[in-house]
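Asks: can't give you the sequence, but here's the structure:
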């Protein structure tokens, strides 16, 4: 693979790993990170060390994305509030939580 196609591939891979941004309706502003990446890849000829660092950053970003995906998959209660977690735990062992009594006109 030629060096220019390798750099292009690396740049595109890094952009894919960045968090998605909502598209603004009026202007196409880039994030500072995206601007910095574009600036560093548009330089004449980056050193081998810089290419190796960019590749290492890409591997790290991929690993972080996969880690987050696995964490959400195997710890589904991580983002739940305490009440919802207790309700689902009770359901897991075959119990339903009783409905809480609410006085008319009062909500708690």
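Replies: On my side now, so go ahead. Just so it is clear, the structure is predicted and the values come from calculations on it, not from any experiment.
Asks: Could you pull out the buried residues of stretch 66-81?
Replies: Within stretch 66-81, no residue is scored as buried using 16 or more other C-beta atoms under 10 Å. C-beta coordinates here come from the backbone N, C-alpha and C atoms, glycine included.
Asks: Measure how far that stretch is from the centre of its chain, please.
Replies: Stretch 66-81 has its C-alpha centroid displaced from the chain centroid by 12 Å (C-alpha atoms, centre = their mean, to the nearest Å).
Asks: Residue 40 contacts residue 47, correct?
Replies: No: contact between residue 40 and residue 47 fails when scored by C-beta atoms under 8 Å: they sit 11.1 Å apart.
Asks: Flag the shaky bits of the chain, pLDDT-wise.
Replies: Judged by pLDDT under 70, the chain has its weakly predicted residues at 1, 22-28, 105-108.
Asks: how about the helices of it, start to end?
Replies: Chain-ordered helices for the chain, with DSSP state H as the definition, fall at 3-17, 32-41, 48-74, 82-92.
Asks: Which one's more surrounded, residue 40 and residue 47?
Replies: In terms of neighbours (other C-beta atoms under 10 Å), residue 40 is the more surrounded of residue 40 and residue 47; the figures are 14 against 9.
Asks: Now do the same contact list for that one.
Replies: Remark: with contacts taken as C-beta atoms under 8 Å, 6 or more residues apart in numbering, residue 40 is in contact with 46, 50, 54.
Asks: same thing but 10 Å
Replies: Contacts for residue 40 (C-beta atoms under 10 Å, 6 or more residues apart in numbering) come out as 11, 14, 46, 50, 53-54.
Asks: Any of these buried? List them.
Replies: Burial by neighbour count, judged by 16+ other C-beta under 10 Å, picks out 11, 14, 46, 54 from the contacts of residue 40.
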